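Enquirer: Have a look at this prediction, sequence included:
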Amino acid sequence: MLFSDSTHTTLILLLITSISVLLIFSPYLPNTTNPHHSLYLSFTDNSSISNNLQILTTRPHIAGSLPNADAASFVLSTFKSYFPPQIDSHIAPYHVSLTYPSSRTLTLIRPHPYPPTHFNLTQENYSKNPYAHEVGETFHAYAKSGTAVGPVVYANYGRVEDFEKLRQMGVNVSETVVLARYGKIYRGDIVSNAYDAGASGVLVYTDRKDYGGPESFPDDRWMPPSGVQIGTVYSGAGDPSTPGWASTSSCERLSTDEIEQGGEVPLIPSLPISADDGELILRSLDGQVTKDDWQGDSNAPVYRVGPGPGILNLTYNGKYVISKIENVIAVIEGVEEPDRFVILGNHRDAWTFGAVDPNSGTAALLDVARRLGKMQKSGWRPRRTIILCNWDAEEYGLIGSTEWVEENREMLASRAVAYLNMDCAVSGPGFEASATPQLEELLKEVAQQVPDPDNSSQTIYDSWTGSTGAPTFGRLGGGGSDYAPFVQHVGASAIDMLFGGGYPVYHSMYDDFTWMRKFGDPMFQRHVAAASIWGLVALRLADDKFLPFNYLTYAHELQTSTKELEAQILGKSVSLLPLYKSIQELKKAAIKIDKQKKVLKDRKGWTTLWGSDPLKARELNDRLMMAERAFTDRDGLPGRSWYKHLIYGPSKYNDYGSKSFPGIDDAIEKAKIMNTVESWRPVQHEIWRASRAITQASLVLNGKLT
């Protein structure tokens with residue numbers, strides 16, 4: 001059909017007007033209209049996840065071992081099989097200082113008529129796992145080599161308050177071997193607290209009250225009586241021989257003596273032991289009977305604190321070895337903003353088989369890769385770059401991720417949008433999440449799009465909120481997983497997610513595929529849900545034109561944390577006014593940038609048609625991305641300079657614990673000991689430091705020079 005010139009012109013104008021109207025109103029359409037994101041949720045495959053997890057957990061694969069190198073090769077080949085050839089999948093190796101046991105003995109000497117007990121320090125193969133003989137000796141990584149001989153003192157969970165209770169009871173811990181149960185704080189802090197109290201050695205056991213049950217694995221999910229939780233006692237992050245720089249093959253290194261002088265490895269020997277061994281030692285103690293909260297379960301003997309009369313002879317000898325570790329990296333380059341990175345990470349190395357910790361997360365990561373590969377075949381390309389990272393040597397002290405972050409620090413500081421972590425992705429039902437506050441609203445939105453794996457009639461969000469009507473978030477100040485170098489060293493926004501929380505066979509040889517298949521996730525639907533929510537959060541961060549960050553949530557969280565400080569400084573010559581003022585400015589900046597984002601969204605139609613505002617969107621996103629960096633300080637926390645974040649950091653007395661305003665908290669703890677006017681001055685200084693960081697974040701959000 002032919003048209004006149006005037007009619008042709010009129011039709012073009014009508015078409016332009018129609019497109020413009022459609023584009024103007026497009027911001028009001030829900031995010032779920034992205035067809036590729038809906039497609040991602042449809043690519044579920046329980047059997048693929050199950051098969052990958054079974055392969056990953058066939059053999060024990062401690063960091064630095066050949067089986068762990070084989071597991072790295074499997075992850076790399078799987079990435080390459082899922083992605084087209086142009087996707088960069090590679091190994092990022094480092095040469096790091098790890099420790100392994102050379103010898104260990106433990107003997108209990110009791111008064112006549114009991115003969116000495118020589119503990120065999122082994123875990124029994126109850127399920128007849130064919131590769132159980134490959135499980136290494138139970139030990140503490142970076143434990144001090146040496147011998148400790150002395151009467152036993154029972155110290156509950158080995159917390160600062162537990163040793164203070166012993167002092168109040170008149171129990172002298174000096175020159176004793178401390179027996180403490182694991183469960184409340186990081187094992188390295190148990191050893192450190194015992195050293196501070198004067199102990200010569202430490203045993204950490206798994207109490208039945210915390211990890212046992214009526215039946216144990218393989219008949220039930222609970223830890224068997226011979227089960228031992230292996231783990232590290234290093235309190236730092238990254239290779240201890242290269243503090244602050246990457247462990248490349250020919251880099252500068254500290255000596256073993258220099259490492260010990262640095263204060264992040266213990267100065268007395270220690271060993272992890274089983275519930276059976278711990279109970280036998282407890283039966284050798286006299287002294288005062290402990291309160292109920294120090295006692296075991298109903299079947300346990302009466303717990304007394306000692307000292308003795310049982311005497312322990314503990315000998316441990318370990319060796320430092322420079323070992324090659326391998327991070328596996330896959331980079332899906334963004335088409336519009338390739339220099340903006342959305343990073344997903346999980347570690348691969350395990351103390352034994354690692355079905356929950358960490359390979360449930362590795363299996364989920366591989367499933368994210370599988371789904372993204374399918375999306376690419378359908379024509380999808382991310383707006384921003386997505387990087388999938390499978391870390392090594394996390395169990396020793398976040399080593400693989402920390403070395404990579406230290407090597408790429410400046411790039412990450414200027415380009416990382418967010419880091420999304422899964423470690424023990426699945427150990428049972430129930431979704432849990434920790435996050436830097438500006439990502440909370442995004443995670444809530446995504447949780448409403450993913451079905452709950454244990455109740456298909458509701459979403460993850462529904463089960464997460466439960467009867468409270470609002471989900472609970474943890475914070476990312478602790479050193480428990482690979483988010484730490486991103487948040488605490490670089491200042492990147494981050495999320496850590498999992499299903500199930502704690503589980504009883506943690507870090508033992510019973511954390512294997514059989515345990516997962518029978519108790520953790522029999523149908524592997526929780527793994528599917530983990531991959532779904534993980535990938536969908538990444539897709540929103542990679543594809544949304546405007547980053548879905550909400551700093552008003554951050555300001556509210558900071559205000560709550562500041563109020564919690566009030567009780568600790570009551571009656572002292574310390575003022576929180578600088579903090580409150582800076583938080584108020586952050587609120588104003590958060591409201592302002594949200595309004596600016598809405599204006600740009602409302603003009604989206606004209607932007608797309610005439611190409612007038614893409615740089616404004618980019619500039620606004622940069623402010624949202626970089627505001628988290630402003631919460632860091634180049635000098636770091638006092639005495640802990642690697643930790644740069646002044647809002648979130650690990651507790652000084654529990655590396656797994658997250659603290660808001662860690663510098664202020666450390667200063668308060670010191671001031672309480674001396675309790676003089678002068679001792680409280682550093683508290684005020686740390687308040688000023690935190691307030692200045694918050695002010696900097698406000699200036700970044702505002703995007704204007706003063």
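Expert: Great, that's in hand.
Enquirer: which stretches of the protein have low pLDDT?
Expert: Along the chain, segments meeting pLDDT under 70 span 1-33, 604-612, 653-658.
Enquirer: Quickly note the distance from the residue nearest the centre of it to V356.
Expert: Closest to where the C-alpha atoms of the chain average out (C-alpha atoms, centre = their mean) is S481, at 2.7 Å. S481 is 13 Å from V356, where distance means C-beta to C-beta, to the nearest Å. The way it works is simple: take the backbone N, C-alpha and C, and place the C-beta from them, glycine included.
Enquirer: Next: Q449.
Expert: Relative to V356, and taking C-beta to C-beta, Q449 is found at 26 Å.
Enquirer: S378 now?
Expert: From S378 to V356 the distance is 33 Å (C-beta to C-beta).
Enquirer: Which of the two has more residues huddled nearby?
Expert: More crowded of S378 and V356, by other C-beta atoms under 10 Å: V356, with 31 against 11.
Enquirer: isn't the more buried one right up against D423?
Expert: No: in this structure, V356 is not within contact of D423 by C-beta atoms under 8 Å, at 9.3 Å.
Enquirer: if we can go back for a sec, my guess is the residue nearest to the centre of the chain contacts D496. True?
Expert: Yes: between S481 and D496 there is a contact under C-beta under 8 Å: 6.1 Å.
Enquirer: End to end on stretch 451-464, go ahead and measure it.
Expert: Taking C-alpha to C-alpha, to the nearest Å, stretch 451-464 runs 11 Å from one end to the other.
Enquirer: So what touches it?
Expert: Stretch 451-464 is contacted from outside by 429-431, 433, 444, 447-450, 471, 499, 525-526, 528-529, 533, using C-beta atoms under 8 Å, 6 or more residues apart in numbering.
Enquirer: Find residues that contact each of S481 and D496.
Expert: By the contact definition C-beta under 8 Å, 6+ apart, S481 and D496 are jointly contacted by N421, D423.
Enquirer: Tell me how far L547 lies from N156.
Expert: Applying C-beta to C-beta to L547 and N156 gives a distance of 46 Å.
Enquirer: Which strand or helix spans I673?
Expert: helix 662-674 (DSSP states H and E).
Enquirer: what's that helix packed up against?
Expert: On a contact count with 3 or more C-beta pairs under 8 Å, 6 or more residues apart in numbering; DSSP states H and E, helix 662-674 meets strand 648-651, helix 681-702.
Enquirer: quick one, helices of the stretch 551-700 of the chain?
Expert: Counting by DSSP state H, counting those that start in this stretch, one finds helices in the stretch 551-700 of the chain at the ranges 551-566, 577-602, 604-610, 614-626, 662-674, 681-702.
Enquirer: mind listing what the helix or strand encompassing T315 pairs with, with the direction of each?
Expert: Under the criterion of DSSP H and E, T315 resides in strand 311-332. Sheet pairing of strand 311-332 (DSSP bridges) gives strand 88-109 (antiparallel), strand 146-154 (antiparallel), strand 384-391 (antiparallel).
Enquirer: Just put those strands in CSV and tack on distance to V417.
Expert: As requested, the strands paired with strand 311-332 are exported to CSV (distance: least, C-beta to C-beta, whole Å):
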stretch, distance to V417
strand 88-109, 18
strand 146-154, 47
strand 384-391, 6
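Enquirer: Pick the most buried one from those.
Expert: Highest mean neighbour count among the strands paired with strand 311-332 (mean count of other C-beta atoms under 10 Å): strand 384-391, with a mean of 25.
Enquirer: what about dumping the CA coordinates of that one to PDB?
Expert: Extracted as PDB, the C-alpha positions of strand 384-391 are listed here (Å, rounded to 0.1, in the frame of the first residue of the first chain):
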ATOM      1  CA  ARG A 384      27.100  -4.900  34.200                       C
ATOM      2  CA  THR A 385      29.800  -7.500  34.600                       C
ATOM      3  CA  ILE A 386      29.000 -10.600  36.700                       C
ATOM      4  CA  ILE A 387      32.000 -12.400  38.300                       C
ATOM      5  CA  LEU A 388      31.600 -15.900  39.800                       C
ATOM      6  CA  CYS A 389      34.300 -16.800  42.300                       C
ATOM      7  CA  ASN A 390      35.100 -20.200  43.900                       C
ATOM      8  CA  TRP A 391      37.600 -19.500  46.700                       C
END
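Enquirer: sec struct for A300, please.
Expert: What DSSP: H, G, I helix; E, B strand; the rest coil gives for A300 is coil.
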